[in-house]
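1. Output the structure for:
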Amino acid sequence: MEYEQLAGRLRAFRKLKGYTQHQLAERMGVSVAVLGSLERGTRTPQVKLLEHIAAALEVRYEELIGDTYPAGKLPQADKEGS
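-> You can find the predicted model right below:
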């Protein structure tokens, strides 16, 4: 798994969902520093943490780690669902 790509996808999904780093870190139960290091790709996440992140973002695990949507090319947020 390319952690740099994962970092970009994590950041893109967070922004797509409209969360600040602080808000998402709170939903995940981790510090902003941990989330920031994940978004920079400087921390190697365990599978359980990735599953927790996907749940907090309300996306499928496969979308978070896979190539369903290339980083930077995520679908537009559904304005009615936001």
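
2. got any ranges where this protein has weak pLDDT?
-> The chain contains residues with pLDDT under 70 at 1, 67-82.

3. And the helices in it?
-> 3-16, 21-28, 32-40, 47-57, 61-65 (DSSP state H).

4. Redo those helices as TSV? Include mean neighbour count.
-> Every C-beta, even on glycine, is put in place using the N, C-alpha and C of the backbone. What follows is these, written out as TSV (neighbours: other C-beta atoms under 10 Å):
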stretch	mean neighbour count
helix 3-16	19
helix 21-28	17
helix 32-40	17
helix 47-57	16
helix 61-65	16
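
5. At the geometric centre of this protein, which residue do we find?
-> residue 10 (2.6 Å; C-alpha atoms, centre = their mean).

6. Distance of that one relative to residue 62?
-> 14 Å (C-beta to C-beta, to the nearest Å).

7. Isn't the residue nearest to the centre of the chain up against residue 52?
-> No: Residue 10 is beyond contact range of residue 52, at 11.9 Å (criterion: C-beta atoms under 8 Å).

8. how far away is the residue nearest to residue 35 when sequence neighbours are not counted from residue 60?
-> Distances taken as C-beta to C-beta, 6 or more residues apart in numbering place residue 25 nearest to residue 35, at 4.3 Å, with adjacent residues excluded. Going from residue 25 to residue 60 by C-beta to C-beta gives 21 Å.

9. Check the burial of residue 20 by counting its neighbours.
-> Residues within reach of residue 20, counting by other C-beta atoms under 10 Å, total 12.

10. what are the phi and psi angles of it?
-> Backbone torsions of residue 20, given as degrees, to the nearest 10, read phi -80, psi 170.

11. Return the residues in contact with residue 32.
-> Neighbour list for residue 32: 21, 22, 25 [criterion: C-beta atoms under 8 Å, 6 or more residues apart in numbering].
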